[in-house]
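> The sequence and its predicted three-dimensional model are supplied below.
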There are 2 protein chains.
Amino acid sequence: MPTRATIIAAADDLFYRQGYAATSFADIATTVGISRGNFYYHFKTKDEILDAVIAERAARTKALLAQWEAESTTPAACLHRFVDIFVVNRAKIMRHGCPVGTLCAELAKLDHAALPDAGAIFTLFRHWLARHLEALGCPEPDAQALHLLARSQGIATLASTFHDEAFIDREIAQLHALIDHIATSPEA
Amino acid sequence: MPTRATIIAAADDLFYRQGYAATSFADIATTVGISRGNFYYHFKTKDEILDAVIAERAARTKALLAQWEAESTTPAACLHRFVDIFVVNRAKIMRHGCPVGTLCAELAKLDHAALPDAGAIFTLFRHWLARHLEALGCPEPDAQALHLLARSQGIATLASTFHDEAFIDREIAQLHALIDHIATSPEA
DNA sequence: GTCTATAAATAGATAGAC
DNA sequence: GTCTATCTATTTATAGAC
């Protein structure tokens, strides 16, 4: 892997696990195994790395959503697949929260110029969810998409605070039931 | 106000608005209008201030919950009062998220020893909500309390990312409706 | 592209005068 | 209790050799 991509991958991981403010250039350089001097050849400022990390995450999200869609046979199956994030990434979410939600929360506090770009990753999920909700006949697909996103964020936040597996199981079951309900009687 | 209390108040506000990692001793000292040297007379480490801030927030939370309870005539009214946080603190939440949720999220990432103490503020809400849900005859008061907390956290996270007032209004209305539904048919 | 060396600024922390 | 002065480590950033 070229150095630039390695740096982005390391920064991506460290920003997720430690947060943006708490991660220094030295942290990243040490993780990658290069000198700080070399580091500055690739990225001049911390903001530049952040932009690259956000772009990388957005690209991965697009690919993931396309994959979910390709592997699902119905709109409802797509929505269930979204909820299954908590099954696949449970351990990470319990330790570090949602990568998108925690980054946006931090950037909002820092009044950081990159907040809209980070929020755009949420928007990818939002539009993807809304598209499948609309396919189900949901009368307010965008509002319902935001609702599902909010529910997921709430679960992630409490999961990383309390580490309560039973709570996560209950909430996931509720989200699956909600999706089933929408699929069955979408006009409700 | 004594200097110590002034420092705690300033740190409380800065931790909320900027985050813990992004706030330096110099930031706090400048805000209070004292020298860094004086600062260290009152607090030896950053962790000590954090502990004091968390203790202060916990005390304020207890007082707030007691006040809500004193001003409400029914358990349902108490629960509605909780949801009204979003009416009272809407502007702040849209800019900086929930003070409890964002602090816990950051401390979880930092693997910080104070995470349980910060989480205990969530627990104050949790037990308070569960008590009033139980009074309504809710069969799983603690699970329902966590559910309400999670819903609130999700709203706060998306609110600080998207700044979408209509979204907040919809979600608040849903929470009020949910509480009404529990109050009307608690066994459901 | 990568390194070492180094600079300048900031952060956390202490000592001692007043 | 508060200040100035000082110290050390870290962080961000640059210059120049290889």
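Nice, I can see it.
> Assign A:Ala21 to helix, strand or coil.
Three-state assignment for A:Ala21 (DSSP: H, G, I helix; E, B strand; the rest coil): coil.
> Hmm, it is touching B:Gly19, no?
Yes. A:Ala21 is within contact range of B:Gly19, at 6.0 Å (criterion: C-beta atoms under 8 Å). Quick note: C-beta positions are derived from backbone N, CA and C, even for glycine.
> Need the overlap of contacts for those two.
A:Glu106, A:Leu110 (C-beta atoms under 8 Å, 6 or more residues apart in numbering or on different chains).
> Between the two, which is the more surrounded one?
The neighbour comparison of A:Ala21 against B:Gly19 (other C-beta atoms under 10 Å in any protein chain shown) goes to B:Gly19, with 25 against 22.
> Can you tell me the element the spatially closest residue to A:Pro139 that is not a sequence neighbour falls in?
In space, and not counting its chain neighbours, A:Pro139 is closest to A:Glu187: 6.3 Å by C-beta to C-beta, 6 or more residues apart in numbering or on different chains. Using DSSP states H and E, A:Glu187 falls within no helix or strand.
> burial of A:Glu187, as a residue count?
Neighbour count of A:Glu187, defined by other C-beta under 10 Å: 7.
> Give me the buried stretch members for stretch A:116-125, please.
For stretch A:116-125, the neighbour count (16 or more other C-beta atoms under 10 Å in any protein chain shown) marks A:Asp117, A:Ala118, A:Gly119, A:Ala120, A:Ile121, A:Phe122, A:Thr123, A:Leu124, A:Phe125 as buried.
> and it, average pLDDT?
What stretch A:116-125 shows for mean pLDDT is 98.
> With stretch A:97-111 instead?
For stretch A:97-111, mean pLDDT rounds to 98.
> so does it get close to DNA strand D?
No. In terms of C-beta under 7 Å from any atom of the strand, no part of stretch A:97-111 sits within range of DNA strand D; the closest distance is 12.4 Å.
> From the rest of the structure, what touches that stretch?
For stretch A:97-111, the external contacting residues (C-beta under 8 Å, 6+ apart) are A:15-16, A:19-21, A:54, A:57, A:61, A:96, A:112, A:114-115, A:118-119, A:121-122, A:125, A:152-153, A:156-157, A:159-160, B:17-19, B:22, B:95-97, B:101-102, B:105-106, B:108-109, B:157, B:160-161.
> circling back: which ones among the buried residues of stretch A:116-125 map onto helices?
Within these, residues falling in helices by DSSP state H are A:Asp117, A:Ala118, A:Gly119, A:Ala120, A:Ile121, A:Phe122, A:Thr123, A:Leu124, A:Phe125.
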